[in-house]
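Undergrad: predicted structure and sequence below. I'll ask about it afterward.
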Amino acid sequence: MAGVDAIVSARRLAIAVAVLFFVNGMVYGNWIPRIPELKDSLGLSNTSLGFTLLGGAIGGIVGSLVAGRLMSRIGSCRLLLGTIVPLPLIMAMIPFVGEAWLLLVMLSLIGVGDAGADLAMNAQGVIAQEALGRFLEPRLCEWNHRRVGVRRTAP
């Protein structure tokens, strides 16, 4: 009976990870079309907007440098919960930003959180993959890449 429970648990984990990949992609897909609206509401030039959007990239780099060490200390499940929960909350606050510097800070936080969430989601995907004994990661990564319009060219 324990074997059946382990298989059900692994399937549930795989489904949960797939849902997280999908929701993470949907959250990003919903704020990116609002960039022109934010630019207008903040009165930013193209250059200022570009510098402000760099916050996400800088946060992503910092998050990538920290996430691995943090995951080795607290585990992928805790890292995932600690990053995936605040991300939509921070993104929901973006329309209410009144200053460019605040948008820069928020995008930096989103970059840090998303780097940790992506690492932890992939780690959880590998755990589910090993428990089920079949490859899941290529499918999960393909869903993740499709959220930003990247298509897989190799079979």
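TA: Arrived safely, thanks for sending.

Undergrad: show me what contacts the closest residue to residue 54 other than its chain neighbours?
TA: Take residue 54 and drop its neighbours on the chain: the residue closest to it by Cβ to Cβ, 6 or more residues apart in numbering is residue 104, 7.7 Å away. Backbone N, C-alpha and C define where each C-beta goes, glycine included. Residues near residue 104 by Cβ atoms under 8 Å, 6 or more residues apart in numbering: 51-52, 54-55.

Undergrad: what does residue 113 give?
TA: 59, 63, 83-84, 86-87, 90.

Undergrad: how about a cut-off of 6 Å?
TA: Under the criterion of Cβ atoms under 6 Å, 6 or more residues apart in numbering, the neighbours of residue 113 are 83, 86-87.

Undergrad: closest one of the residues you listed to residue 34?
TA: Minimum distance to residue 34 across these is 15.8 Å, recorded for residue 87 (Cβ to Cβ).

Undergrad: residues contacting the closest one?
TA: Taking Cβ under 6 Å, 6+ apart, one finds residue 113 in contact with residue 87.
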